[in-house]
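Asker: what's the 3D shape of this:
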Amino acid sequence: MRSSPPISSPTDYGKAVSYLLSGLMIALGLLLLVVVVLRLLRSVRTVRRAQSRLRRTVEDRGGLLRARLAAVEVAVKERRRPMSRPRHGHTDENGSIINVQPGNR
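Answerer: Presented below is the predicted three-dimensional model:
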């Protein structure tokens, strides 16, 4: 009679274990890669939020600075203007400048 081959030989068992370990290492590596990529994306999102907040702040302050500069330019032009006419339109019926105090308006 013929004898049937053994179900598993020691060399077949070693190959199966090495394949199993290789598969587990690949799965663990992919899991670690996913975790690292997710953390990196979260960090990038945080940096983008901070960058956008900083850009808005700089733009706001730039706008305020432009407004202040325009106000200074108007004030300088008013100071250089000849005093033949009143600065704020306070004249009497003869065209003379009336000295208006802040409490007398």
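Asker: Check what pLDDT L31 gets.
Answerer: With respect to pLDDT, L31 scores 98.
Asker: ok, it - how many residues close by?
Answerer: 10 (other C-beta atoms under 10 Å). C-betas here are computed from N, CA, C, even on glycine.
Asker: element containing it, please.
Answerer: Per DSSP states H and E, L31 falls inside helix 10-80.
Asker: elements contacting that helix?
Answerer: Under the contact definition 3 or more C-beta pairs under 8 Å, 6 or more residues apart in numbering; DSSP states H and E, helix 10-80 sits against no other helix or strand.
Asker: what residue ranges in this protein score low on pLDDT?
Answerer: Residues of the chain meeting the criterion pLDDT under 70: 1-11, 82-91, 93, 95, 97-105.
Asker: again, only using 90
Answerer: Along the chain, the model assigns pLDDT under 90 to residues 1-19, 77-105.
Asker: Run a quick neighbour tally on R39.
Answerer: Neighbours of R39 using other C-beta under 10 Å come to 10.
Asker: State the distance from it to R45.
Answerer: Using C-beta to C-beta, to the nearest Å, R39 is found at 11 Å from R45.
Asker: Then R61?
Answerer: From R61 over to R45 the distance is 25 Å, taken as C-beta to C-beta.
Asker: do the same with L32
Answerer: Counting by C-beta to C-beta, the gap from L32 to R45 is 21 Å.
Asker: what do you get for E73?
Answerer: 42 Å.
Asker: Same check on G63?
Answerer: 27 Å.
Asker: Then D12?
Answerer: Taking C-beta to C-beta, one finds D12 at 50 Å from R45.
Asker: likewise V35?
Answerer: From V35 to R45 the distance is 16 Å (C-beta to C-beta).
Asker: same question, G62
Answerer: For G62, the distance to R45 - C-beta to C-beta - is 26 Å.
Asker: mind listing what's buried in stretch 31-41?
Answerer: Of all the residues in stretch 31-41, not one is buried under the rule 16 or more other C-beta atoms under 10 Å.
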